[in-house]
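Asks: Quick one, what's the 3D model for this:
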Amino acid sequence: MIDETEIALCEPAPFLYHENGQIAVTDGSTVWLVIVTCEAIKATASPPEKTLRRLIRYAEFYRDLAAAAIVRGEDVDGKVWITEAAVIAANPQTLKMPNGLGGWLAQHGS
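Replies: Model prediction:
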């Protein structure tokens, strides 16, 4: 059984593709594609916007939501969807800037 704490961000780096954001997570042996819907990205913080910067800033938050979904068996064909409802239920407004992403932002400039 997979433990949520074993799920980590991995390559490829977060990116936007059409309407959604995408990040990759792994437990060391399996890689899942996490699709963060446009609505979920906008619901994460105020003002509502869909940007790569926001996707990167909250990548660890989305990873945690994805890890919980994987543990519950909600992944399908190696993909996990993060929806607006999941973001709202997790109350992201209580979050501060996640640690560890400032360096990634500095390296990639976005």
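
Asks: Not counting stretch 65-78 itself, show me its contacts.
Replies: With C-beta atoms under 8 Å, 6 or more residues apart in numbering as the test, stretch 65-78 has contacts from 1-5, 7, 23, 25, 27, 30-34, 80-82, 86-87, 90. C-beta coordinates here come from the backbone N, C-alpha and C atoms, glycine included.

Asks: buried subset of the residues you listed?
Replies: 7, 23, 25, 27, 32-34, 80-82, 86-87, 90 (16 or more other C-beta atoms under 10 Å).

Asks: Most widely separated two among the residues you listed?
Replies: D27 and V87 (22.5 Å; C-beta to C-beta).

Asks: What is the helix or strand that contains A89 packed up against?
Replies: Using DSSP states H and E, A89 sits in helix 84-90. In this structure, helix 84-90 packs against helix 38-44, helix 59-71, with contacts taken as 3 or more C-beta pairs under 8 Å, 6 or more residues apart in numbering; DSSP states H and E.

Asks: neighbouring contacts of the shortest one?
Replies: Outside of helix 38-44, the residues within contact range by C-beta under 8 Å, 6+ apart are 19-21, 48-51, 54-55, 58, 61-62, 82-84, 86-88, 92.

Asks: Pull out the buried residues from those.
Replies: The neighbour count (16+ other C-beta under 10 Å) marks 20-21, 50, 54-55, 58, 61-62, 82-84, 86-87, 92 as buried among those.

Asks: pull the helix or strand with minimum mean pLDDT from this protein.
Replies: Within the chain, no helix or strand scores below helix 102-108, which has a mean of 42 by mean pLDDT, DSSP states H and E.

Asks: isn't there a helix covering W81?
Replies: No - according to DSSP: H, G, I helix; E, B strand; the rest coil, W81 belongs to no helix; its state is strand.

Asks: Now do the contacts for it.
Replies: I35, T37, A69.

Asks: Nice, that's everything, thank you.
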